[in-house]
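Asker: next input, structure requested:
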Amino acid sequence: MAQETFVVAYDDNTEDTAVLDCAISRASRSGARLVIVHVLEWSPYSFLTQQELEERHKKRTQELDRAHSHVLDPAIAKAKEAGVEAVGTVQHGSAAELVVKTATEENASFIFVGRSGSSAARARIFGSIPLAIAQIATVPTVIVP
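Answerer: Here you go, the predicted model:
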């Protein structure tokens, strides 16, 4: 039987690890592995000058480095410390779409997402990421308070 996989949508609020803690606890009990996904909201602009594109690329590289060192690496280490196999990925784009896409590609059994992933103002304007994930996911979504 193949090892079960849980996808964890993990934001950059590293002080609030409730979603990670919940996923680690469930994975620990079931022997599942975690795929921790951190998404940097990023929309490509095709109308930028060459200089602006170069600056944007540099900023994107810096954001990727920071996301790995400050968000993903500590999360993966925490999972491994608990005896849970874990890998991570940083992606650019729409958080809900990329988390669900990752869950599909990984043949995940569950998606774990924190309820506090976006500000109240942003949620009113754009909708909440956890709700969007739950609406488009093809696997059960656990929304962790």
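Asker: can you show me the helices along the chain?
Answerer: Assigned by DSSP state H, the chain shows helices spanning 18-30, 50-66, 73-81, 95-105, 120-126, 129-136.
Asker: need those in a markdown table (columns: distance to Ile111 and mean neighbour count).
Answerer: Every C-beta, even on glycine, is put in place using the N, C-alpha and C of the backbone. Below are these laid out as a markdown table (distance: least, C-beta to C-beta, whole Å; neighbours: other C-beta atoms under 10 Å):
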| stretch | distance to Ile111 | mean neighbour count |
| --- | --- | --- |
| helix 18-30 | 9 | 19 |
| helix 50-66 | 23 | 11 |
| helix 73-81 | 15 | 16 |
| helix 95-105 | 5 | 20 |
| helix 120-126 | 18 | 10 |
| helix 129-136 | 6 | 19 |
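Asker: let me see the domain layout of this structure.
Answerer: 9-15+23-93, 104-145 (automatic domain parsing).
Asker: so which of those is nearest Ala2?
Answerer: domain 104-145 (7.9 Å; C-beta to C-beta).
Asker: off-centre distance for the closest one?
Answerer: Remark: domain 104-145 is offset 10 Å from the chain centroid, using C-alpha atoms, centre = their mean, to the nearest Å.
Asker: pLDDT on it, on average?
Answerer: Domain 104-145 carries an average pLDDT of 81.
Asker: end-to-end on that domain?
Answerer: 24 Å (C-alpha to C-alpha, to the nearest Å).
Asker: then stretch 87-99?
Answerer: 14 Å.
Asker: many thanks, I have nothing further to ask.
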